[in-house]
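1. 3D model of this:
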Amino acid sequence: MDTNKPNKHIVVISGMSGSGKSTAISALEDMGYFCMDNLPSPLLPNAVLLTEAAKEIRPLAFVVDVREGPFLERAPEVFETLSASGRNVDILFLESSDEVLLRRYSETRRKHPLAMDLRLHEGILRERKKLSWLKSRATFHIDTSSFTVHELKNTLRRMFSETTPSSFVLNFVSFGFRFGLPTQADLVFDVRFLKNPHFVPELRPLTGRDSRVSNYVFDNEEAQTYFQLLKNFLEYMLPKYANEGKSYVTICVGCTGGKHRSVAISQALFNTFKDGPWTTHLWDRDISRNEPSSLCPPP
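-> From the prediction side, this is the model:
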């Protein structure tokens, strides 16, 4: 058995039924991960060794959730064993609000794994309780309540793409406060105090990606001073995040509707930091949205 080149990276996908775990495992498989769904936890170490013996040195991803039944109780010691063997085990925990999970199950008419003899809401509550220890140990946590399938896949690509396995990932997200805070935010900056292009008739139909809007936003001392302070703060903080071992940081900039000011500031930040020692992404979440995003369907 070849133990000289172990699968160093293992992602354990867990979370609430209906929160997008099937979407997540598919996304990681598309990224080149060797994926297994619903394998009992005690068998994970053997599966890892088997893939290594077959010289399958791709990163691995496993789904571990309440479908395991009594095997779920063995999961903590299994994760400890894998970590102690020198492998990097990340736990990705997905969840959604009770209201969203109830709606998704109502739409698909699928049975919840813990609601066979109970009402659906009672099954969801039981599942939250059973998975609370996993949530507390999660390396990454995503609330998919407002995510579409496309948005969830894009988020996972930014987090787990193996094209830059040792890279610190820097995500800039513009958004509108009227649509709610991005749940994946690490830092949130409010730019609603800046002068608003929305009230300029010729600029209202445009977005912050247009140079005319960007010039309008930045054409005053207040915006320039704020941006310089924000730039200085991030230049100080980002290396500290990277040195602390954080895999990614998501910086969210919000205005009222997510179309003008937040987009212009996020674009300027992206342009400022894109050539740094990290992988940088930009996502204008609400630039063309008039309604909250549709819900991603259950797995």
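2. OK, contacts around residue 182?
-> Residues near residue 182 by C-beta atoms under 8 Å, 6 or more residues apart in numbering: 173, 175, 188, 250, 252, 285. Any C-beta I mention is one placed from the backbone N, CA and C, and that applies to glycine too.
3. farthest pair in the residues you listed?
-> Maximum pairwise distance in the contacts of residue 182, criterion C-beta to C-beta, is 12.4 Å, between 188 and 285.
4. those two: which is more packed in?
-> residue 285 (22 against 15; other C-beta atoms under 10 Å).
5. gap between that one and residue 252?
-> Distance from residue 285 to residue 252, counting by C-beta to C-beta, to the nearest Å: 8 Å.
6. if I look at the two, which residues touch both of them?
-> In contact with both residue 285 and residue 252: 173, 174, 175, 182, using C-beta under 8 Å, 6+ apart.
7. ok, and the most crowded of these?
-> residue 174 leads those on contacts (other C-beta under 10 Å) with 31 neighbours.
8. show me what that one bridges to in the sheet.
-> Under DSSP bridges, the beta-bridge partners of residue 174 are residue 253, residue 284.
9. for it, give me its contacts.
-> So residue 174 contacts 208, 252-255, 258, 262-263, 265-267, 283-287 (C-beta under 8 Å, 6+ apart).
10. for residue 267, give its distance to residue 257.
-> Taken as C-beta to C-beta, the span from residue 267 to residue 257 is 16 Å.
11. also residue 61?
-> 37 Å.
12. who has more neighbours, the two?
-> Using other C-beta under 10 Å, the more surrounded residue of residue 61 and residue 257 is residue 61, with 24 against 20.
13. can you name every helix or strand that the helix or strand hosting that one contacts?
-> Using DSSP states H and E, residue 61 maps to strand 60-63. Strand 60-63 is packed against strand 9-15, helix 21-30, strand 34-37, helix 44-53, with contacts defined by 3 or more C-beta pairs under 8 Å, 6 or more residues apart in numbering; DSSP states H and E.
14. paired strands for that strand, with orientation please.
-> For strand 60-63, pairing defined by DSSP bridges yields strand 9-15 (parallel), strand 34-37 (parallel).
15. which stretches of the stretch 1-150 of the chain form helices?
-> 21-30, 44-53, 75-84, 98-108, 120-130, 132-137, 149-160 (DSSP state H, counting those that start in this stretch).
16. could these go into TSV alongside distance to residue 230 and mean pLDDT?
-> Listed next are the helices of the stretch 1-150 of the chain as TSV, based on distance: least, C-beta to C-beta, whole Å; pLDDT from 0 to 100:
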stretch	distance to residue 230	mean pLDDT
helix 21-30	31	89
helix 44-53	43	86
helix 75-84	37	87
helix 98-108	33	82
helix 120-130	37	86
helix 132-137	32	87
helix 149-160	21	83
